[in-house]
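1. Here's a sequence, model it:
(one chain, ligands or ions: 1)
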Amino acid sequence: MFYCERAVVGLQRIALVSAMLAITPAAVAAQQPGEPEAGTMRELALAEGKSEYIVYCRTCHGDAGKGDGSMAKILTKKPADLTSIAARNGGQFPYWRTFNIIAGDVETAGHDMFQMPRFWSRFEKQAMMPGYAPAQMRLLALTHYVESLQVPPQPEAK
Ligand code: HEC
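-> Numbers count the residues shown, from 1 in each chain. The predicted structure follows:
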């Protein structure tokens with residue numbers, strides 16, 4: 001029963017990614033001539049990151065990453081505004097620092113188990129069950145997604 005549910009979650013996620021992929025041809029058409037082929041892998045990674053974000057981050061960090069999720073008001077420490085990470089870092093998105101924060105490898109003041117879960121260990125445990133991608137893949141997708149939320153937008157990584 002337990003495993004069945006996991007398999008269903010896995011299938012739903014595949015369906016979601018497929019649905020996101022269906023919009024890719026329009027994105028391809030919108031590309032400027034001379035630009036490299038529209039990033040289908042990038043779209044895929046961002047779609048993957050977004051679906052993880054909705055499940056694991058949105059309640060605290062909010063729909064758009066502004067730090068205004070439904071749980072924000074009951075936390076002692078306000079969840080960070082994820083759209084201004086680059087702006088607060090001289091305009092550059094600190095990719096690996098962000099990755100490590102999400103993974104839970106970096107200790108941040110007021111950033112403990114109760115304030116923000118450590119996703120590396122949580123995803124590692126899930127990875128042993130069917131329907132879950134390896135932890136590092138999911139953390140990479142999430143970090144890419146958080147990068148895509150930056151205001152102003154970050155130049156696309158080459
Ligand atoms: C239980 C609430 C909660 C959840 C769930 C949560 N966070 Fe957080 N997050 C916080 C809080 C609170 C802080 C601020 C910690 C601090 O300022 O010390 C934070 C900080 C961060 C930061 C650091 C931002 C900066 O300015 O450097 C990142 C990145 C982040 N969260 C990403 C995520 C991602 C991605 C997820 C989902 C995988 C997530 N968080 C899930 C509460 C949460």
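2. got a list of what residue 91 touches?
-> Neighbour list for residue 91: empty [criterion: Cβ atoms under 8 Å, 6 or more residues apart in numbering]. All C-beta atoms are positioned from the backbone trio N, CA, C, and that covers glycine.
3. Whichever strand or helix holds residue 51 and the ligand in contact?
-> Using DSSP states H and E, residue 51 falls within helix 40-56. Yes - counting by Cβ under 6 Å from any ligand atom, the ligand is contacted by helix 40-56 at residue 56.
4. What are the buried residues along that helix?
-> For helix 40-56, the buried set under the neighbour-count rule, 16 or more other Cβ atoms under 10 Å, comprises 43-53, 56.
5. From the residues you listed, pick the one nearest the ligand.
-> Proximity of the buried residues of helix 40-56 to the ligand (Cβ to the nearest ligand atom) peaks at residue 56, which lies at 4.0 Å.
6. okay, now the nearest residue to residue 100 once chain neighbours are set aside: neighbour count?
-> What sits nearest to residue 100 in space, not counting adjacent residues and going by Cβ to Cβ, 6 or more residues apart in numbering, is residue 106, at 4.3 Å. Using other Cβ atoms under 10 Å, the number of residues around residue 106 comes to 13.
7. what residues does this protein put near the ligand?
-> Checking the chain against the ligand by Cβ under 6 Å from any ligand atom, the hits are 56-57, 59-61, 71, 75, 77, 79-80, 82, 85, 98, 101-102, 108-111, 115-117, 119, 142, 146.
8. check contacts around residue 139.
-> For residue 139, the contact set (Cβ under 8 Å, 6+ apart) comprises 99, 102-103, 119-120, 123.
9. coming back round to it: now which of the residues of the chain next to the ligand would you call buried?
-> Taking 16+ other Cβ under 10 Å as the criterion, what is buried in the residues of the chain next to the ligand is 56-57, 60-61, 79-80, 82, 85, 98, 101-102, 116, 119, 142, 146.
10. Give me the mean pLDDT for stretch 88-103.
-> Across stretch 88-103, pLDDT averages out at 94.
11. What of stretch 137-156?
-> What stretch 137-156 shows for mean pLDDT is 93.
12. Tell me how far residue 53 lies from residue 128.
-> 23 Å (Cβ to Cβ, to the nearest Å).
13. before we move on, back to that, now the residue nearest to residue 100: which helix or strand?
-> Short version, using DSSP H and E: residue 106 is in no helix or strand.
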